[in-house]
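Participant: Curious how this folds, go ahead:
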Amino acid sequence: MFKVSHSWQYLYDLCQKKELLDVLPLKDRTRGIDLQETLMTVVEKADLQLSKLTAITTDGAPAVLGSEKGLCKSDERFPEFWTFHCIVHQEHLVSEKLNLYHIMKPVLEMVYFIRTHALNHRQFRNLIAELDEDLPSDLLLHCAVRWLSRGEVLSRFFELLNPVKLFLAEKHKDYPELHDPQWISDLAFLVDVLHYLNGLNVDLQGS
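Facilitator: Modelled structure (predicted):
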């Protein structure tokens, strides 16, 4: 699919507006020339002045940014314009490059042990209630489709770290990570980093 949107700025309120123009299927090839033709179809259909094009925001795909055959390579129909890498895509790449595995793997194992067994889940929630502290009522499950949920899962796990330790000790489940100060420091660091990444993503979405 090829999504085309455009934004403009009103002089009277200095606010940038964004509008989705069209979403078109790319049924055959996805070369730069194919993207150019698709873009031109949308521009002509919407009766836009291509001379007003000032910038293109992309996800960095070669078909878009290719030095010789990419969409952003100027030809006789395209004016001079800037190209920007989408900050949301950059943010996702940052999250992929973070070394989460040694944190996420044991955290998810512990969370699944507690959440996916009805008896364990009920007993864990009862333990939190008995502690009579200002704590969240439950752990969160991770959804692989929504990468931002990793930060939420880690944050909630960190808040409930002490109840998790108590509960797993009662169940005779041994996780050395829970007694490793360096692992706990890494967990806290990732909680903070993903908290800011999640906040940035929500701010970028706007209203």
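
Participant: list the helices and strands the helix ranked longest in the chain packs on?
Facilitator: Longest helix in the chain, counting residues (DSSP state H): helix 181-205. Helix 181-205 sits against helix 87-97, helix 101-115, helix 149-159, with contacts defined as 3 or more CB pairs under 8 Å, 6 or more residues apart in numbering; DSSP states H and E. The C-beta positions use only the backbone N, C-alpha and C, and glycine is treated the same way.

Participant: If we go by neighbour counts, what in it is buried?
Facilitator: Residues of helix 181-205 classed as buried: 183, 186-187, 190-191, 193-194, 197-198, 201 (neighbour count, 16 or more other CB atoms under 10 Å).

Participant: Let me know the average pLDDT across that helix.
Facilitator: When pLDDT is averaged along helix 181-205, the result is 84.

Participant: returning to that earlier point: any chance of the buried residues of helix 181-205 in JSON lines, plus distance to D132?
Facilitator: Shown next, in JSON lines, are these (distance: CB to CB, whole Å):
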{"residue": "W183", "distance to D132": "28"}
{"residue": "D186", "distance to D132": "30"}
{"residue": "L187", "distance to D132": "25"}
{"residue": "L190", "distance to D132": "29"}
{"residue": "V191", "distance to D132": "24"}
{"residue": "V193", "distance to D132": "32"}
{"residue": "L194", "distance to D132": "29"}
{"residue": "L197", "distance to D132": "33"}
{"residue": "N198", "distance to D132": "30"}
{"residue": "N201", "distance to D132": "35"}
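
Participant: ok, so of the residues you listed, who is nearest V107?
Facilitator: Taking CB to CB as the measure, V107 lies nearest L187 of the buried residues of helix 181-205, at 7.4 Å.

Participant: What separation is there between F84 and T57?
Facilitator: F84 is 5 Å from T57, where distance means CB to CB, to the nearest Å.

Participant: the more surrounded of the two?
Facilitator: Of the pair F84 and T57, T57 is the one with more neighbours under other CB atoms under 10 Å, namely 15 against 10.

Participant: Give me the phi and psi for the more buried one.
Facilitator: phi -100, psi 130 (degrees, to the nearest 10).

Participant: Below-threshold pLDDT in this structure: ranges please.
Facilitator: Low-confidence segments of the chain, defined by pLDDT under 70: 1-17, 59-81, 85-99, 143-148, 204-207.

Participant: can you give me the angle the longest helix of the chain makes with helix 101-115?
Facilitator: If you take axes from the mean of the first three to the mean of the last three CA atoms, to 10 degrees, helix 181-205 sits at 90 degrees to helix 101-115.

Participant: related to what we said a few turns ago, who wins for proximity to T38 among the helices and strands packed on helix 181-205?
Facilitator: helix 87-97 (19.7 Å).

Participant: ok so, going back, of the helices and strands packed on helix 181-205, which stretch is the most buried?
Facilitator: Looking across the helices and strands packed on helix 181-205 with neighbours counted as mean count of other CB atoms under 10 Å, the highest average goes to helix 149-159: a mean of 19.

Participant: Just the C-alpha atoms of it, please, in CSV.
Facilitator: Below are the C-alpha coordinates for helix 149-159, written out as CSV (Å, rounded to 0.1, in the frame of the first residue of the first chain):
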residue,chain,number,x,y,z
SER,A,149,3.5,-2.3,25.1
ARG,A,150,7.0,-3.5,26.0
GLY,A,151,7.5,-0.3,28.0
GLU,A,152,4.2,-0.6,29.7
VAL,A,153,4.9,-4.2,30.7
LEU,A,154,8.3,-3.4,32.0
SER,A,155,7.1,-0.4,33.9
ARG,A,156,4.3,-2.3,35.7
PHE,A,157,6.7,-5.2,36.4
PHE,A,158,9.2,-2.8,38.0
GLU,A,159,6.4,-1.3,40.1
